[in-house]
Structures are given as structure tokens and as C-alpha cells.
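Student: Quick one, structure for this:
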Amino acid sequence: MSMNAQGRGLPTRVVRLTFRFDNDNVELVERRSSQGVAPPSDELTEDVGEHGFRVEVRSADDRTVYRRVMHDPFTPHVEVFSADSQRSIRRAPQERASGMFFVDVPDTDEGQQVALLSSAAPQARTLAGGTSGPAVEVARVSLR
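Tutor: Next comes the predicted model:
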């Protein structure tokens, strides 16, 4: 353990997971372990009905042991800039959502899987009738 992390009782190993998505297909592209400290966990409260995007590290018995609320990479809008200097930036619907993103999570003995939950992913919008509903699990991968 590094001195800073050891003094605070924080894990000193981090797993960076890189994901690629194309509409409702989410795929783990790379899993890389390294020295470092993951961002702090957000509260591990009951999440029924919550909107947005979060990453959760789950134990072998499916308990959430780490949660990080983040910007939702599946947002169905893009920012559009106009050539006209009198017009501001506007949001436009995105016909096909695709892209890549990464998350850093702590590498602890207790953590076994990582779950991604989103209210903007195509799967969540389908379940909510085309609008943004509560976050649903859109992917789950092994931490190791």
C-alpha cells in the first residue's frame, strides 16, 4: 500500500474498465489493473426509482460494496453548434447512440462484479415507454 492510501484505509489498486456501446449493445473492451486510488464511493443507499447513471461494484452475494454516480454516457442528445454566431448551442436528439467510456473502480477482495445502471440507455427508455425512467442494469462484467 502507498503511504497516503494506507493512512486513509483506501485500496491502492484500481481497475479501469473501458466499455464500447452501440444502442443497446454494451461491451467490455479492456480491463486494466494499476496502482492508485479510485474515486470515493457515493452512498450505498437503496436505489429503487433513481434516475441517472451509476457504476456499482458487487460482492459474490450481490451486495453493492462501491457505487459511483457519473455523467450518463447513454444520453440520447448531442450538443449542436451553429455556424451562426447569434445562435447558441442547442441539444438535438441522437438517432443512434454509440461511443466509448471508462470507469475506475477499487480492486478489493470483496468486489467480484461491476454493474452499469442507466436511465438513458436504450434498454431503459424501452422499458419506460420511450422516456427516461428509473435506472436499469444495462451491463454486468467480472471485475477480474
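Student: how about low-confidence regions in the chain?
Tutor: The chain contains residues with pLDDT under 70 at 1-11, 46-49, 96, 123-132.
Student: where exactly do the strands run in it?
Tutor: For the chain, the strands defined by DSSP state E occupy 13-22, 25-35, 53-58, 64-70, 77-80, 90-93, 98-106, 113-118, 136-142.
Student: Which among these is found nearest to residue 43?
Tutor: Nearest to residue 43 among the strands of the chain is strand 64-70; the distance by C-beta to C-beta comes to 7.2 Å. For the C-beta atoms, the positions are set from N, CA and C on the backbone; glycine is no exception.
Student: Give the buried residues for that closest one.
Tutor: Using 16 or more other C-beta atoms under 10 Å as the test for burial, strand 64-70 gives 64-69.
Student: Which two of these have the greatest separation?
Tutor: In the buried residues of strand 64-70, two members sit farther apart than any others by C-beta to C-beta. They are 65 and 69, at 15.4 Å.
Student: what's the burial count for the nearest residue to residue 27 once chain neighbours are set aside?
Tutor: Distances taken as C-beta to C-beta, 6 or more residues apart in numbering place residue 20 nearest to residue 27, at 5.2 Å, with adjacent residues excluded. By the criterion of other C-beta atoms under 10 Å, residue 20 has 14 neighbours.
Student: Stretch 67-83: end-to-end distance?
Tutor: 41 Å (C-alpha to C-alpha, to the nearest Å).
Student: Mind putting the buried residues of strand 64-70 into JSON lines with distance to residue 52?
Tutor: Listed next are these as JSON lines, based on distance: C-beta to C-beta, whole Å:
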{"residue": "64", "distance to residue 52": "15"}
{"residue": "65", "distance to residue 52": "20"}
{"residue": "66", "distance to residue 52": "16"}
{"residue": "67", "distance to residue 52": "11"}
{"residue": "68", "distance to residue 52": "11"}
{"residue": "69", "distance to residue 52": "6"}
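Student: hang on, the earlier thing: give me the beta-bridge partners of the residue nearest to residue 27?
Tutor: Beta bridges link residue 20 to residue 27, residue 100 when assigned by DSSP bridges.
Student: From residue 32, how far off is it?
Tutor: 15 Å (C-beta to C-beta, to the nearest Å).
Student: repeat for residue 142
Tutor: From residue 142 over to residue 32 the distance is 14 Å, taken as C-beta to C-beta.
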